[in-house]
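Colleague: Turn this into a structure:
(2 chains)
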Number of protein chains: 2
Amino acid sequence: MQYYQPLLLTPGPTPVPEQILSAVQLPMVGHRSTDFEEIASEAFKGLKPVFGSKNEVLILTSSGTSVLEASMLNIANPDDHIVIIVSGAFGNRFKQIAQTYYNHVHVYDVNWGEAVIVDDFITYLKQLNVPVTAVFTQFCETSTGVIHPVHQLGHALKAFDNSLYFIVDGVSCIGAVDVDLTKDKIDVLVSGSQKAIMLPPGLAFVAYSDRAKKRFADVKTPRFYLDLNKYIKSQEQNSTPFTPNVGLFRGINAYVELVKKEGLNHVISRHFKIRNALRAALKALELELLVKDDAHASPTVTSFVPKNQEELNIIKNQLKSQFNITIAGGQGHLKGQILRIGHMGKISPFDILAVVSALEIILTSNRNVNYIGTGITQFMEVIRHES
Amino acid sequence: MQYYQPLLLTPGPTPVPEQILSAVQLPMVGHRSTDFEEIASEAFKGLKPVFGSKNEVLILTSSGTSVLEASMLNIANPDDHIVIIVSGAFGNRFKQIAQTYYNHVHVYDVNWGEAVIVDDFITYLKQLNVPVTAVFTQFCETSTGVIHPVHQLGHALKAFDNSLYFIVDGVSCIGAVDVDLTKDKIDVLVSGSQKAIMLPPGLAFVAYSDRAKKRFADVKTPRFYLDLNKYIKSQEQNSTPFTPNVGLFRGINAYVELVKKEGLNHVISRHFKIRNALRAALKALELELLVKDDAHASPTVTSFVPKNQEELNIIKNQLKSQFNITIAGGQGHLKGQILRIGHMGKISPFDILAVVSALEIILTSNRNVNYIGTGITQFMEVIRHES
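Modeller: Model prediction:
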């Protein structure tokens, strides 16, 4: 342990780059000052390419769950029919929020670790045979490491019923995926600050289409702190309706600078490359991947299934105690079944090389099989060839 | 301007002490780790004396308005009768939240700049002649600089009807006032991080009585991110239901250390002393105080009324352009009528001496009266005698 610096590889919060930390801790300014208006205006605009949004992105001082809730309260009235795709713990969160407020909640379950099959889902909607106002899905399901085919889903939904609103939770992947509200037919896309956007936790984001904006103004479901109309109105004056986390707004601008420097396309391809290399390495270490289909594996989180709970505990504890590396366990019914490695934001291939190497050492001593060099070789083969 | 470091004297956000900034920017840890459990446990406990609460204080990742809303949604059902004391812009905010959700909202207006008169208010409640579930008031009204007689109000309310819930917005004064939920008969007391608690904005706090806790569990008003039952349940495991602002939680612990070092009683008396000295100085500069009654003047915000709008603009602009000092204007119908000086958190007597001195120079050159030395002398006379 004394050899190793802490390495945080949870699926958020993620390590924060020094450039962002420095910006976050600049001296405080009043949030009703022209200084803050400049900071806010830059942040609202700066996030547009990251969310693939024509409209400036709304920024709430709160965490991801609050914008899952806001995306619902501002799109659907209490008696509307809404459909939730549930493929993991965050799908369940959408479901819980829906059941708190709505009278007609329809849940479409997908096996945890699999992506939604678009045709099957459209068939389900047809059979449901009710006027559906909105469909809610995760983009990447953080609890499993699945990426859903959001582009295809958006097109299929609008072909099925053009009046539907399509709401996407991008908390664990925005900043690491190619997305465009117009091209992907998304009406509302939400995210949080502490994942691929690599800020500390504390801000949440909402990108919206023009028709969603009109809908927000018409919807009657009561809300106040989460009333997106208030945020849109304030944004037109480069402001926020309630006291913003001033430091983290500055952090966004530092993040946007970092993305510009690297290039958004490069940032995205880096995430996918690390995903591919890590999956190859885990296979070499005979660790079962939870997400079987390479095409449906998230670019930000990779889940694997140790041989049994004893091996799971050994891996998690020894990574921490011997190597100072923190990864995450499972959630919901996958608790005690899987481990999850986050690889988003500032995480570089060499950070993931480190965890693969540590896994080799742990598995070699616990399985009585010599894995030394096998995972890291596979990892670097993929990194080398895809660069 | 080149001579002067920026001095932020708005009524929040306030300057952040270096010890807090350093804590806020420590390397990120996962929020489901034992590291974070220790941080959170310390924060929940550390805030108890500041809020005068037997129960650990709930911490939400959001800003002050969200806990004004939470204090209502968790105490009252949609058909309950609730009474809002409105004495300024934040009373209006309580009113707006109430009108968003509730069918029987009763507003008791108090002149802006005055404190509620307890006997008059009880007479009003008697005449109202409906079963009132809860009464909502500000502790200090940030928009005017009034402190309400919360202790007397709490006792009078419970004498009037022991089943009433008494809800207090302490956003702009907790950390600067003597308060005790039990002694003051308060059921819910909320605050934010960016005022006298001198953190950056981004956290909000809820202290609650035992009977409020029972009430939260019974109330049916729909809420999810603002469901305080979820926070209480997580707190029992030293955790939070949704991703917390990890950095600011560490900031709380640094704040609590600073308060312990100075002594909470001393922190409070420092705020009142600065208030008294500043009021004496403004009188010496022939600047009218908005709050006439010394006993009802907030220890954290002092409002004054320039002779006319031209003088107001000169003062505000020259403080900024010549002296790099930021103060705040009025809100609501007091916009363009008053200026507000915040003096809370890390603000020392010498910071306020600086703004008084700058006011002397500005008024001397604009009123053709020599004020040099008059305000600062009065200021230091009070500081000296009360120390």
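Colleague: need the residues of the stretch 151-300 of chain A near chain B, please.
Modeller: Neighbours of chain B within the stretch 151-300 of chain A, by C-beta under 8 Å from any C-beta of the partner chain: A:192, A:194, A:200-202, A:222-226, A:241-248. (Each C-beta comes from the backbone N, C-alpha and C, glycine too.)
Colleague: domain assignment for chain A?
Modeller: As assigned by the TED database, chain A contains the domains A:5-12+A:262-384, A:16-259.
Colleague: Need the winner for burial among those.
Modeller: domain A:16-259 (a mean of 21; mean count of other C-beta atoms under 10 Å in any protein chain shown).
Colleague: can you redo the domains of chain A as a markdown table with mean pLDDT and distance to B:Arg384?
Modeller: Formatted as a markdown table, the domains of chain A follow (pLDDT from 0 to 100; distance: least, C-beta to C-beta, whole Å):
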| stretch | mean pLDDT | distance to B:Arg384 |
| --- | --- | --- |
| domain A:5-12+A:262-384 | 97 | 50 |
| domain A:16-259 | 97 | 30 |
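Colleague: In strands only, show me the residues of the stretch 151-300 of chain A next to chain B.
Modeller: Among those, the members falling in strands (DSSP state E) are A:Gly192.
Colleague: Please provide the alpha-carbon coordinates for stretch A:165-178, formatted as CSV.
Modeller: Listed next in CSV are the C-alpha coordinates belonging to stretch A:165-178 (Å, rounded to 0.1, in the frame of the first residue of the first chain):
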residue,chain,number,x,y,z
TYR,A,165,-41.5,12.5,-25.8
PHE,A,166,-38.2,10.5,-25.5
ILE,A,167,-36.3,11.1,-22.2
VAL,A,168,-32.8,9.8,-21.7
ASP,A,169,-30.8,9.5,-18.5
GLY,A,170,-27.2,10.1,-19.6
VAL,A,171,-25.8,10.5,-16.1
SER,A,172,-23.0,7.9,-16.4
CYS,A,173,-22.0,8.5,-20.0
ILE,A,174,-22.5,12.1,-21.3
GLY,A,175,-19.0,13.3,-22.2
ALA,A,176,-18.0,9.9,-23.4
VAL,A,177,-20.5,9.2,-26.1
ASP,A,178,-21.5,10.6,-29.4
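Colleague: and A:Val67, which of the three is it?
Modeller: Under the three-state scheme (DSSP: H, G, I helix; E, B strand; the rest coil), A:Val67 adopts helix.
Colleague: Equivalent analysis for the one 4 residues further on, please.
Modeller: Each residue gets one of three states, and A:Ser71 gets helix by three-state DSSP.
Colleague: surely it meets A:Val190?
Modeller: Yes - A:Ser71 lies in contact with A:Val190 (C-beta atoms under 8 Å); the separation is 5.2 Å.
Colleague: Mutual contacts of those two, please.
Modeller: Common neighbours of A:Ser71 and A:Val190 (criterion: C-beta atoms under 8 Å, 6 or more residues apart in numbering or on different chains): A:Ile167, A:Asp169, A:Val206.
Colleague: Among these, which one sits closest to A:Gly113?
Modeller: Closest approach to A:Gly113 among these (C-beta to C-beta): A:Asp169, at 17.5 Å.
Colleague: Now do the helices in the stretch 251-387 of chain A.
Modeller: Under the criterion DSSP state H, counting those that start in this stretch, the stretch 251-387 of chain A contains helices at A:264-284, A:309-323, A:349-367, A:374-386.
Colleague: quick one, the shortest one and helix A:349-367 angle?
Modeller: The reference is to helix A:374-386. Counting by axes from the mean of the first three to the mean of the last three C-alpha atoms, to 10 degrees, helix A:374-386 lies at 150 degrees to helix A:349-367.
Colleague: can you list the residues that contact helix A:374-386?
Modeller: Under C-beta under 8 Å, 6+ apart, the answer for helix A:374-386 is A:273-274, A:276-278, A:280-285, A:349, A:352-353, A:356-357, A:359-360.
Colleague: let's go with 6 Å and repeat that
Modeller: Here helix A:374-386 makes contact (C-beta atoms under 6 Å, 6 or more residues apart in numbering or on different chains) with A:Lys273, A:Asn276, A:Ala277, A:Ala280, A:Ala281, A:Ala284, A:Leu285, A:Pro349, A:Leu353, A:Val356, A:Ser357, A:Glu360.
Colleague: Extract the C-alpha set from it and format it as CSV.
Modeller: Taking C-alpha atoms only, helix A:374-386 is exported to CSV below (Å, rounded to 0.1, in the frame of the first residue of the first chain):
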residue,chain,number,x,y,z
THR,A,374,-1.5,-12.0,-19.8
GLY,A,375,-4.1,-9.3,-19.0
ILE,A,376,-1.8,-6.4,-19.4
THR,A,377,-0.5,-7.8,-22.7
GLN,A,378,-4.0,-8.1,-24.1
PHE,A,379,-4.8,-4.7,-22.8
MET,A,380,-1.9,-3.0,-24.5
GLU,A,381,-2.4,-4.9,-27.7
VAL,A,382,-5.8,-3.4,-28.1
ILE,A,383,-4.6,0.1,-27.1
ARG,A,384,-1.8,-0.1,-29.6
HIS,A,385,-3.8,-1.3,-32.5
GLU,A,386,-6.7,1.0,-32.0
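Colleague: chain center to that helix: distance?
Modeller: Distance of helix A:374-386 from its chain centroid, counting by C-alpha atoms, centre = their mean, to the nearest Å, is 25 Å.
Colleague: Between helix A:264-284 and it, find me the angle.
Modeller: Using the same axes, to 10 degrees, helix A:374-386 lies at 150 degrees relative to helix A:264-284.
Colleague: Okay, strands next: where are they in the stretch 101-250 of chain A?
Modeller: A:104-109, A:132-138, A:140-141, A:146-147, A:165-169, A:188-192, A:203-208 (DSSP state E, counting those that start in this stretch).
Colleague: Let me have those strands in JSON lines, extended by distance to B:Gln25.
Modeller: Formatted as JSON lines, these follow (distance: least, C-beta to C-beta, whole Å):
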{"stretch": "strand A:104-109", "distance to B:Gln25": "41"}
{"stretch": "strand A:132-138", "distance to B:Gln25": "31"}
{"stretch": "strand A:140-141", "distance to B:Gln25": "28"}
{"stretch": "strand A:146-147", "distance to B:Gln25": "32"}
{"stretch": "strand A:165-169", "distance to B:Gln25": "29"}
{"stretch": "strand A:188-192", "distance to B:Gln25": "19"}
{"stretch": "strand A:203-208", "distance to B:Gln25": "16"}
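Colleague: would you list the helices of the stretch 251-387 of chain A in JSON lines and tack on distance to A:Thr100?
Modeller: Shown next, in JSON lines, are the helices of the stretch 251-387 of chain A (distance: least, C-beta to C-beta, whole Å):
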{"stretch": "helix A:264-284", "distance to A:Thr100": "33"}
{"stretch": "helix A:309-323", "distance to A:Thr100": "33"}
{"stretch": "helix A:349-367", "distance to A:Thr100": "38"}
{"stretch": "helix A:374-386", "distance to A:Thr100": "43"}
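Colleague: I'd assumed A:Ala328 was in contact with A:Ile338.
Modeller: No - applying C-beta atoms under 6 Å, one finds A:Ile338 not in contact with A:Ala328, separated by 9.2 Å.
Colleague: And A:Lys283, how close does it get to chain B?
Modeller: A:Lys283 is 26 Å from chain B, where distance means C-beta to the nearest C-beta, to the nearest Å.
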